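Student: Would you be able to build a 3D model of this:
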Amino acid sequence: MNIGLPCAPDELVRRIRDWSRELGFASVGISGVDLGEAETRLLQWLAEGRHGELDYMARHGATRARPAELVPGTLSVISVRMPYWPEAAADAQKVLDAPGLGYVSRYALGRDYHKVVRNRLQKLAERIEALTGPFGYRAFTDSAPVLEVEIARRAALGWRGKHTLLIHRDAGSLFFLGELFTTLPLPPDTPQADHCGRCTRCIDVCPTGAIVAPYQLDARLCVSYLTIELAGAIPEALRPAIGNRIYGCDDCQLVCPWNRYAQRAVAPDFAVRNGLDRATLPELFAWSEDEFNRRLEGSAIRRIGHERWLRNIAVALGNAPVSEAHRAALEARADHTSALVREHVAWARSRQTTRQGTEE
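Tutor: Just a heads-up that it's a prediction; the model follows:
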């Protein structure tokens, strides 16, 4: 039934799909607002404390699983995905295998995805509004208490992999998700089936054992959480396993068989900036706070701040091969004004010294 729409709902969805492709989204789907058992799983995860210091997740609680409470009047959610893997980026595994280089998760090599995806969702909403007239909507992309993977799953953009990320049969998992909560009565898509089968590669490869069971992640152990969300000291027991990962982690995606079909980024915004795909640890560690802020203007990395940036690189230097360049880099930060940085530098220097004695 056509409820306040200028055309049949199916026709409107067809136009939304066309506009989405024109705006650079690889695919788009529609879901309703009933997320069912996802709310139960979320509350259990929070009760177990697996969210760590992600307090905003606990504050919003069940609201994350109730789109119509988060944005009153929501009837349908338009879910989109956009590939981010830069075509010209250095080979990810080769960088991980070169401990003197700093590994930055490939989604963060270019411009901040929050701005890119949200701006295009806004343009999509404006195109819809030009046809339908004013309607209620709000755009999200990893920027509010939204269960975006569950919404995308219900919108037929893929299935939830054992690493908890969304996997698309024809595009793997190397993409951003975005949502447009709307008051439009749109017909929902039919979710896809799970195609992970018996594969456990993502679980087996996780350097810190953060994927504690299929479809279950303990954020407190996740390298992405430790290097991005955690404000304080990284637990010493986990530091060696972090290796040279200084911002995020892609290991579970690098081994996923479905990513043989992953699509490269089309948007120029995600092209590599500042040589972050293959930079050495000493050169990144030498950045002053002003240089950090200037170089990473418009980058998602900038939000962690210079202090956490140095903390992360100090850990990587502690795991790096013994060399004069690595020792000199650490020595230059030994008296840093931040106690957090000093503590991680001291740990790293001790690791370098201990290994040097072993190698001699």
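Student: Closest to the centroid, which residue in the protein?
Tutor: Nearest to the geometric centre of the chain sits Tyr107, at 6.9 Å (Cα atoms, centre = their mean).
Student: Which residue, other than its chain neighbours, is closest to that one?
Tutor: Leaving aside its chain neighbours, Tyr107 sits nearest to Tyr84 (4.9 Å; criterion: Cβ to Cβ, 6 or more residues apart in numbering). C-betas here are computed from N, CA, C, even on glycine.
Student: so who does that neighbour touch?
Tutor: Tyr84 is in contact with 106-107, 110, 113, 174-176, 265, 270, counting by Cβ atoms under 8 Å, 6 or more residues apart in numbering.
Student: What about those residues, which one has the most neighbours?
Tutor: Per-residue neighbour counts (other Cβ atoms under 10 Å) across the contacts of Tyr84 peak at Phe175, which has 28 neighbours.
Student: Just the pLDDT at that residue, thanks.
Tutor: At Phe175, the pLDDT value in this model is 97.
Student: Contact partners for it?
Tutor: Applying Cβ under 8 Å, 6+ apart, the residues near Phe175 are 26, 81-84, 166, 168, 263.
Student: please redo it, this time with the cut-off set to 7 Å
Tutor: 26, 81-84 (Cβ atoms under 7 Å, 6 or more residues apart in numbering).
Student: still on that earlier bit, wait, the residue nearest to the centre of the chain sits on Tyr113?
Tutor: Yes - applying Cβ atoms under 7 Å as the test, Tyr107 and Tyr113 come out as touching, 6.5 Å apart.
Student: three-state assignment of the closest residue to Pro214 other than its chain neighbours?
Tutor: Counting by Cβ to Cβ, 6+ apart, Pro214 lies nearest to Lys162, which is 4.2 Å off, once chain neighbours are set aside. Put simply, Lys162 is coil when judged by DSSP: H, G, I helix; E, B strand; the rest coil.
Student: Report how many residues lie close to Lys162.
Tutor: Count around Lys162 with other Cβ under 10 Å applied: 22.
Student: what about it, distance to Glu22?
Tutor: 34 Å (Cβ to Cβ, to the nearest Å).
Student: Ala92 now?
Tutor: Ala92 is 30 Å from Glu22, where distance means Cβ to Cβ.
Student: Tell me which of those two has more neighbours.
Tutor: Neighbour count, other Cβ under 10 Å: between Ala92 and Glu22, Ala92 has more, with 18 against 12.
Student: My guess is the more buried one contacts Arg106. True?
Tutor: Yes - under the criterion of Cβ under 7 Å, Ala92 makes contact with Arg106 at 6.2 Å.
Student: what residues are shared contacts of the two?
Tutor: Asp250.
Student: now the strands for this protein?
Tutor: 27-31, 76-83, 103-104, 137-140, 159-160, 166-167, 175-182, 211-213, 216-217, 245-247 (DSSP state E).
Student: Tell me which of those sits most buried.
Tutor: Ranked by mean neighbour count, those are led by strand 103-104 with a mean of 29 (mean count of other Cβ atoms under 10 Å).
Student: got a list of contacts for stretch 260-269?
Tutor: 24, 26, 82-87, 110-111, 116, 170-172, 174.
Student: out of these, which are inside helices?
Tutor: Among the contacts of stretch 260-269, the members falling in helices (DSSP state H) are Val116.
Student: Mind telling me the two of the contacts of stretch 260-269 farthest from one another?
Tutor: The most widely separated members of the contacts of stretch 260-269, counting by Cβ to Cβ, are Arg111 and Asp170 (25.5 Å).
Student: the more surrounded of those two?
Tutor: Arg111 (18 against 11).
Student: any idea how far that one lies from Arg303?
Tutor: Relative to Arg303, and taking Cβ to Cβ, Arg111 is found at 13 Å.
Student: Do you have the helices of the stretch 151-300 of the chain handy? List them.
Tutor: Here the stretch 151-300 of the chain has its helices, by DSSP state H, counting those that start in this stretch, at 201-205, 223-224, 239-242, 251-254, 281-285, 289-295.
Student: Need the residues that contact the third one.
Tutor: Pointing back at helix 239-242 there. Helix 239-242 is contacted from outside by 207-208, 223, 226, 315, 318-319, 347, using Cβ under 7 Å, 6+ apart.
Student: what's the closest of these to Ala144?
Tutor: The closest of these to Ala144 turns out to be Leu226 (Cβ to Cβ; 23.1 Å).
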